[in-house]
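Colleague: Structure for this input, please:
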Amino acid sequence: MHFRHFLAIDWSGAVGARQKGIALALCGLDGAPRLLQPPSHRHWSRDEVLDLLRHRLPDDTLVGLDLGISLPFADARAFFQGLPDSPPDARALWALVDETCRHDEHLAATAFVNDPRFAPYFRRHGGREGAAFHLPGAAHKRGRMRVTEAAQARMGCKPYSNFNLVGAAQVGKSSLTGMRLLHRLDGALPVWPVDPLPAQGSVVVEIYTTLAAIAGGRSAGRAKMTDFAAVNAALAALGSPAVEAHGPTDDHSADALVTAAWLRIAARRPELWQPPELTPELARTEGWTFGAA
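Modeller: Below you'll find the predicted structure:
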């Protein structure tokens, strides 16, 4: 392992310039993780996170982004089954999302889900479930899933489709806004496994903070932590020193702190970089969640 820093980013797809749901935590090869503060405001903006990743990231950092870096592809051999010119891979998908949303401020993705070409594939508020949200004969009601999300489910998690934009468990908005960020990285950082794991330097991976919480002794149903006592108990289970804080905290900060410490130990596990189901085609289309097996 060549990484010397570990950055966990709890992301948000909400509309607006700044997001209470964005939290960043960083740790080194030892010591407790610490929360990073935005440069000019109480809350982070998505553009500020992009600037940090492009220009202010410590050397040799493993960056975990809590979002889906792609959409389901393997189940229908396409992101948007039946749509002419559906993107052939994840990078083309990122470019399409960013171009479609070029007039949306703050890396929002409203224009994409409202576009008549793509709206039929999403479940949206107000009972608006597109005709293509499910594949014909789908066995469950949570929508299309990536192969990595099936792996998450086997680990006790309850993933939802990235085409779902409704409810507290939805990840679609975060994923689409995250795809705009990934496109605008413009090659400044490799994104595993869409890009090969580099022998040196920094890299971005998709994370699911529930996996870190499970490794820290929590159950999937109790993954969210809202006080520093719970955070420090999880950090101790991960072999990390405690943070010097007490009392309540928001679950976004808690997720980031615990996941940064988890990345530090998970990065040393070769099998997490070589999941058996991750084929080259799956890597370039759907991607993978680091830690899912």
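
Colleague: need the contact list for Ala153.
Modeller: Pro159 (CB atoms under 8 Å, 6 or more residues apart in numbering). Every residue, glycine included, has its C-beta placed from N, CA and C.

Colleague: does it count as helix, strand or coil?
Modeller: helix (DSSP: H, G, I helix; E, B strand; the rest coil).

Colleague: gap between it and Gln170?
Modeller: 16 Å (CB to CB, to the nearest Å).

Colleague: ok, now which ones touch Ala236?
Modeller: Ala242.

Colleague: Show me where the protein has its strands.
Modeller: 5-10, 23-27, 34-36, 61-66, 123-124, 128-129, 191-192, 203-206 (DSSP state E).

Colleague: where among those is the average confidence lowest?
Modeller: Lowest mean pLDDT within these: strand 128-129, at a mean of 86.

Colleague: Pull up the pairing partners for that one, direction included.
Modeller: Sheet pairing of strand 128-129 (DSSP bridges) gives strand 123-124 (antiparallel).

Colleague: hmm, who's touching the partner strand?
Modeller: Residues outside strand 123-124 that contact it (CB under 8 Å, 6+ apart) are 113, 129-130, 133, 143, 161, 163-166.

Colleague: from those, which is closest to Tyr208?
Modeller: Ser161 (14.0 Å; CB to CB).

Colleague: Hmm, that closest one is touching Met145, no?
Modeller: Yes - with contacts counted by CB atoms under 8 Å, Ser161 reaches Met145, the gap being 5.8 Å.

Colleague: Quick check: neighbours shared by those two?
Modeller: Joint contacts of Ser161 and Met145 (CB under 8 Å, 6+ apart) are Pro72.

Colleague: and Ala132, how many residues sit next to it?
Modeller: Counted with other CB atoms under 10 Å, the neighbours of Ala132 add up to 19.

Colleague: Name the nearest residue to Arg117, sequence neighbours excluded.
Modeller: The spatially closest residue to Arg117, leaving aside those adjacent along the chain, is Leu83, at 6.5 Å (CB to CB, 6 or more residues apart in numbering).

Colleague: these two touch, right, that neighbour and Pro116?
Modeller: No - shown here, Leu83 and Pro116 do not form a contact pair, counting by CB under 8 Å, at 11.0 Å.

Colleague: more neighbours, these two?
Modeller: Higher neighbour count among Leu83 and Pro116: Leu83, with 14 against 6, using other CB under 10 Å.

Colleague: Give me the local confidence score for that one.
Modeller: Per-residue confidence (pLDDT) for Leu83: 96.

Colleague: same thing with His140?
Modeller: Looking at His140, the pLDDT reads 70.

Colleague: can you give me the helices in the stretch 51-200 of the chain?
Modeller: Remark: helices assigned in the stretch 51-200 of the chain by DSSP state H, counting those that start in this stretch are 90-100, 110-114, 147-154, 172-185.

Colleague: Take those helices and lay them out in CSV including distance to Val49.
Modeller: Below are the helices of the stretch 51-200 of the chain laid out as CSV (distance: least, CB to CB, whole Å):
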stretch, distance to Val49
helix 90-100, 15
helix 110-114, 19
helix 147-154, 23
helix 172-185, 7
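
Colleague: quick one on the thing from earlier: with mean neighbour count and distance to Asp47 as extra columns, can I get the strands of the chain in TSV?
Modeller: Shown next, in TSV, are these (neighbours: other CB atoms under 10 Å; distance: least, CB to CB, whole Å):
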stretch	mean neighbour count	distance to Asp47
strand 5-10	26	14
strand 23-27	24	14
strand 34-36	17	15
strand 61-66	25	15
strand 123-124	20	25
strand 128-129	16	29
strand 191-192	21	18
strand 203-206	24	17
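
Colleague: who wins for proximity to Pro33 among the helices of the stretch 51-200 of the chain?
Modeller: helix 172-185 (21.2 Å).

Colleague: For the closest one, give me every contacting residue.
Modeller: By CB under 8 Å, 6+ apart, helix 172-185 touches 11-14, 46, 49-50, 53-54, 65-71, 91, 93-95, 97-98, 101, 107-109, 112-113, 122, 161-165, 191, 204.

Colleague: Can you list the helices and strands that the longest helix along the chain packs against?
Modeller: Using DSSP state H, we find that the single longest helix of the chain is helix 251-266. Applying 3 or more CB pairs under 8 Å, 6 or more residues apart in numbering; DSSP states H and E, one finds that helix 251-266 contacts strand 5-10, strand 23-27, strand 34-36, strand 61-66, helix 209-215, helix 228-237.
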